[in-house]
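J.: One predicted model, sequence on top.
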Amino acid sequence: MLSLIQMEDFNITRVYADENGDSRFEDIAKPLNSGGDIGFMSEPEAVETIIFRKVVPGYDYDFHRAPARQYIILVDGEIQIETSLGEKRQFRAGDILLVEDTTGKGHRTRNLLPAVRQSIFVTLKQDTPS
């Protein structure tokens, strides 16, 4: 059973471009609030679209920028993401990424298992100027 401390945050890995255009990782936590019997929930975020995706077992996508600010939810499989600075991290089913490197040098993504991999992209609403 999860303790109350484990319920206070939802852990996410952020991929972003720094002021020099280099991609970097940042571990962030979304605070959760008690919803009583229905569990612990974050504050709502406005989203634009949801995309369901499958990629081939040999998926190895060279350095690229994210097309939009988006959450990527890994449904199955394992991937490795490499930043433009050469840092590499592995992610697996259930992990959630907040990909925000829409500018700069981008990141590289490759499958680690020889299997079709599924993921879900949730594109965030873009801020509109006032």
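T.: Perfect, I can see it now.
J.: the helices in this protein, which residues?
T.: Here the chain has no helices by DSSP state H.
J.: Low-confidence regions, it specifically.
T.: Where the chain drops to pLDDT under 70, the residues are 1-7, 128-130.
J.: Spell out for me which residue occupies the centre of it.
T.: Central residue of the chain (CA atoms, centre = their mean): residue 97, 1.3 Å from the mean position.
J.: burial measure for the residue nearest to it when sequence neighbours are not counted, as a count.
T.: Leaving aside its sequence neighbours, residue 97 sits nearest to residue 72 (CB to CB, 6 or more residues apart in numbering; 4.5 Å). For the C-beta atoms, the positions are set from N, CA and C on the backbone; glycine is no exception. Counted with other CB atoms under 10 Å, the neighbours of residue 72 add up to 22.
J.: Surely residue 72 is in contact with residue 96?
T.: Yes: applying CB atoms under 8 Å, one finds residue 72 in contact with residue 96, separated by 7.2 Å.
J.: List the contacts of residue 57.
T.: Residue 57 is in contact with 111, 113-117, counting by CB atoms under 8 Å, 6 or more residues apart in numbering.
J.: ChimeraX command for the buried members of those residues?
T.: In ChimeraX, a selection of the buried entries from the contacts of residue 57 looks like this (16 or more other CB atoms under 10 Å):
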select :111,117
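J.: for the contacts of residue 57, which one is nearest residue 32?
T.: residue 117 (27.7 Å; CB to CB).
J.: mind checking how far the nearest residue to that closest one once chain neighbours are set aside is from residue 15?
T.: With CB to CB, 6+ apart as the measure, residue 77 is the residue that lies nearest to residue 117, at 3.4 Å, once sequence neighbours are left out. Separation of residue 77 from residue 15 (CB to CB, to the nearest Å): 18 Å.
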